[in-house]
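[1] need the 3D shape of this:
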Amino acid sequence: MTAVSVYLILGHFAGYAPSISLTMPTRPDRSRRFHQWLLQAGSDLTPLRFWCGSAGLGLGALALFTVLTSAWWMAVMPALGVAYLPYWYYSRRRGERLGQIREAWPDALRDALASILTGSTLTSALCDLADRGPVPLQPAFARFRLMSRMMGVVPALELVKEELSDPNSDRVIEVLALAYEHGGGLVAEVLHDLISENTEDLRLGDEIRADGTEQRIESWAVVLVPWIMLAFLSQSSEQYRAFYHSGAGLVVVLAAGIWSLLGVVLLGYISRSAPEPRVLAGAGVR
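    Numbering: from 1, shown residues only. As a prediction, the model looks like this:
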């Protein structure tokens, strides 16, 4: 204890006193992150409108299935599935859009490399991508062409990075910014290496996605098919309908619903692939 006190006193007089903070770390702004998620999916919805729309679909499905089955507890699981559809749809759109951006980078870098080999500067080569580059990247580089004149090349690249919001794009743009500031005559070699790395990353990503697609389809089929069969049997057989309208049927449906929810959570945990963190998000070039 004495040694600690001496250390603190000496550090204070020497100007190296440790900084002690008693504040708790703030939680990330989930609404802002989810809004960014929606933008990546190409949607202009706000998080509130998205969740309200999903809830509305779920309630509508609950009412419909309650009318069809004459038992609200048999309609809960299908209604939850319908409420999940918007999230599933935008997840697919986001994955496809980010995938298109990742797949566009090798061609974009080849176009930039070809321009540089014919005597263009890196800035001119990147500006030309707004007209001659791959379609998924054209809007971002159209804004880059304007912002590079107003703010400079590196700040404009930072804006492109935040607009694309993709870990692979972060790496590419960070290297492009470094090449602009420090590359000199090595710009062509840097672009050639980037093309090779991105092509290999795309090949590996395609293999991983192909391996997981069949497993995800089978997992959801295992969860949904029993409930579809239950709804069908309740409509086609008076005996099934009478049983599931009884107290024993309610217990069976509730138990099955709990196990189905646990199965969905477990399947999601097992099959999830951790998203690559954006470690270079907002990183400036020094």
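
[2] where in the chain is pLDDT low?
    Counting by pLDDT under 70, the chain shows low-confidence ranges at 1-29, 183-184, 209-215, 268, 271-286.

[3] any chance you could map the strands in it?
    Remark: no strands are assigned in the chain by DSSP state E.

[4] give me the most central residue, it.
    Nearest residue to the geometric centre of the chain (CA atoms, centre = their mean): residue 37, 5.9 Å.

[5] out of everything not next to it in sequence, what's closest to that one?
    residue 94 (6.7 Å; CB to CB, 6 or more residues apart in numbering). C-betas here are computed from N, CA, C, even on glycine.

[6] residues contacting that neighbour?
    37, 40-42 (CB atoms under 8 Å, 6 or more residues apart in numbering).

[7] repeat for residue 230
    74, 244, 253.

[8] which members of the residues you listed occur in helices, if any?
    The members of the contacts of residue 230 that map onto helices under DSSP state H are 74, 244, 253.

[9] closest one of the residues you listed to residue 223?
    residue 253 (14.7 Å; CB to CB).

[10] buried sites along stretch 72-88?
    Neighbour-count burial for stretch 72-88, counted by 16 or more other CB atoms under 10 Å, picks out 73-83, 86.

[11] if you could redo that for stretch 233-247, that was the one I meant.
    Across stretch 233-247, burial judged by 16+ other CB under 10 Å covers 234, 241, 244-245.

[12] got a list of contacts for it?
    Against stretch 233-247 from outside (CB under 8 Å, 6+ apart): 68-71, 74, 230, 249-250, 252-253.

[13] got TSV for the residues you listed, with distance to residue 127 too?
    Putting the contacts of stretch 233-247 into TSV (distance: CB to CB, whole Å) gives the following:
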residue	distance to residue 127
68	58
69	60
70	65
71	63
74	60
230	60
249	67
250	66
252	65
253	62
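
[14] narrow the residues you listed to those that are buried.
    In the contacts of stretch 233-247, the ones that pass as buried (16+ other CB under 10 Å) are 69, 71, 74, 230, 249, 253.

[15] ok, of those residues, which one's closest to residue 104?
    For the buried ones among the contacts of stretch 233-247, the nearest to residue 104 is residue 230 (45.3 Å; CB to CB).

[16] dihedrals phi and psi, residue 44?
    Reported as degrees, to the nearest 10, the phi and psi values for residue 44 are phi -100, psi 10.

[17] can you report how many residues lie near it?
    8 (other CB atoms under 10 Å).

[18] chain center to stretch 100-119: distance?
    Once both centres are worked out by CA atoms, centre = their mean, to the nearest Å, stretch 100-119 turns out to sit 25 Å from its chain's centre.

[19] go through it and flag the buried ones.
    In stretch 100-119, counting by 16+ other CB under 10 Å, buried: 101-113, 115-116.

[20] of the buried ones among the contacts of stretch 233-247, which is the nearest to residue 192?
    Nearest to residue 192 out of these is residue 230 (CB to CB; 58.9 Å).

[21] how far away is that closest one from residue 239?
    Computed as CB to CB, to the nearest Å, the residue 230 to residue 239 distance reads 13 Å.

[22] keep only those of the contacts of stretch 233-247 that are in helices.
    Mapping these onto helices (DSSP H) picks out 68-69, 74, 230, 249-250, 252-253.

[23] of all those, which two lie farthest apart?
    Farthest pair in these, by CB to CB: 68 and 252, 18.5 Å.

[24] for stretch 149-168, output the C-alpha coordinates as PDB.
    The C-alpha trace of stretch 149-168 is given here as PDB (Å, rounded to 0.1, in the frame of the first residue of the first chain):
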ATOM      1  CA  ARG A 149     -12.200  18.300 -54.700                       C
ATOM      2  CA  MET A 150     -13.800  19.800 -51.700                       C
ATOM      3  CA  MET A 151     -12.100  18.000 -48.800                       C
ATOM      4  CA  GLY A 152      -9.100  16.200 -50.300                       C
ATOM      5  CA  VAL A 153      -8.500  12.600 -51.300                       C
ATOM      6  CA  VAL A 154      -8.000  10.900 -48.000                       C
ATOM      7  CA  PRO A 155     -11.000  12.500 -46.200                       C
ATOM      8  CA  ALA A 156     -13.100  11.600 -49.300                       C
ATOM      9  CA  LEU A 157     -11.900   8.000 -49.100                       C
ATOM     10  CA  GLU A 158     -12.900   7.900 -45.400                       C
ATOM     11  CA  LEU A 159     -16.400   9.000 -46.500                       C
ATOM     12  CA  VAL A 160     -16.500   6.200 -49.000                       C
ATOM     13  CA  LYS A 161     -15.400   3.700 -46.300                       C
ATOM     14  CA  GLU A 162     -18.200   4.700 -44.000                       C
ATOM     15  CA  GLU A 163     -20.800   4.700 -46.900                       C
ATOM     16  CA  LEU A 164     -19.900   1.100 -47.900                       C
ATOM     17  CA  SER A 165     -19.600  -0.100 -44.200                       C
ATOM     18  CA  ASP A 166     -17.900  -3.300 -45.100                       C
ATOM     19  CA  PRO A 167     -14.700  -4.800 -43.500                       C
ATOM     20  CA  ASN A 168     -13.300  -5.800 -46.900                       C
END
